[in-house]
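Enquirer: Need a 3D model of the sequence below.
(one chain, ligands or ions: 1)
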Amino acid sequence: MERSKRVVFISHCILNQNTVVYPLARAKGAYKEIIQEIVSKGIGIHQLPCPEYRHLGLKRKPMDKLEYDTKEYRSLCKHISQDTINMMKEYLENDCKVIGLIGINESPTCSIGGIKGILMEELIVLAEKEQIVLNTLDVPEEYFDGKDNEKFIKELREFIKN
Ligand code: SF4
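Expert: Down below sits the predicted model:
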């Protein structure tokens with residue numbers, strides 16, 4: 001079958017809420033409406049690793065950006081960012097379109113809009129350095145599976161349309 005050659009990069013927990021710090025999960029597993037929307041357009045989903053899960057595991061406590069911002073955690077996020085940029089370049093060099101990057105608003109690690117999380121800070125700096133133009137979008141704090149997410153889903157439709 002012909003591939004769509006279109007791929008979107010997403011924060012890990014959009015597909016797997018099991019990694020989210022307790023008790024902040026907003027879906028049982030994946031964010032269904034978001035994933036359905038992307039899948040229905042034939043777009044591939046490239047899931048980033050969850051840095052907080054890698055760093056402190058499932059029993060971690062809620063922490064803010066300042067608390068996460070250690071040398072060790074920065075270095076993990078830099079490493080994940082470099083790896084991600086390499087993968088983006090591979091897609092681009094093989095005629096695939098990188099639709100963009102979807103993060104999680106207000107996350108100390110994965111927020112893109114407003115105050116950037118540590119991973120996204122590193123990733124976006126690297127993307128600029130490599131001259132990769134990245135469209136970005138955040139899942140808003142009020143997104144909750146099964147609630148009224150129409151406003152965000154409309155934004156998502158616009159985001160993935162090209
Ligand atoms: S670090 Fe990112 S991927 Fe992991 S739970 Fe937090 S927002 Fe989701």
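Enquirer: Which residues outside the longest strand along the chain are in contact with it?
Expert: Looking only at the chain and at elements set by DSSP state E, the strand with the highest residue count is strand 97-104. Counting contacts by Cβ atoms under 8 Å, 6 or more residues apart in numbering, the residues outside strand 97-104 that touch it are 5-11, 13-14, 34, 43, 88, 91-92, 110-113, 117, 120, 123, 132, 134-139, 159-160, 162. (Glycine included, C-beta is placed from N, CA and C.)
Enquirer: That strand: partners in the sheet, and parallel or antiparallel?
Expert: Partner strands for strand 97-104, per DSSP bridges, with pairing direction: strand 6-10 (parallel), strand 136-139 (parallel).
Enquirer: low-confidence ranges in this structure?
Expert: Within the chain, not a single segment meets pLDDT under 70.
Enquirer: Could you check stretch 106-113 against the ligand for contacts?
Expert: Yes - Stretch 106-113 reaches the ligand (Cβ under 6 Å from any ligand atom) through Ser107, Thr109, Cys110.
Enquirer: picking up where we left off before, would you format the strands paired with strand 97-104 as a markdown table with mean neighbour count and distance to the ligand included?
Expert: Compiled in a markdown table, the strands paired with strand 97-104 are given as follows (neighbours: other Cβ atoms under 10 Å; distance: least, Cβ to the nearest ligand atom, whole Å):
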| stretch | mean neighbour count | distance to the ligand |
| --- | --- | --- |
| strand 6-10 | 21 | 9 |
| strand 136-139 | 22 | 9 |
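Enquirer: Skip the chain neighbours and tell me the closest residue to the residue nearest to the spatial centre of the chain.
Expert: Within the chain, one residue has its C-alpha closest to the average C-alpha position: by Cα atoms, centre = their mean, that is Ser11, at 2.3 Å. Nearest non-adjacent residue to Ser11, counting by Cβ to Cβ, 6 or more residues apart in numbering: Cys110, 4.3 Å away.
Enquirer: Thank you kindly, that will do.
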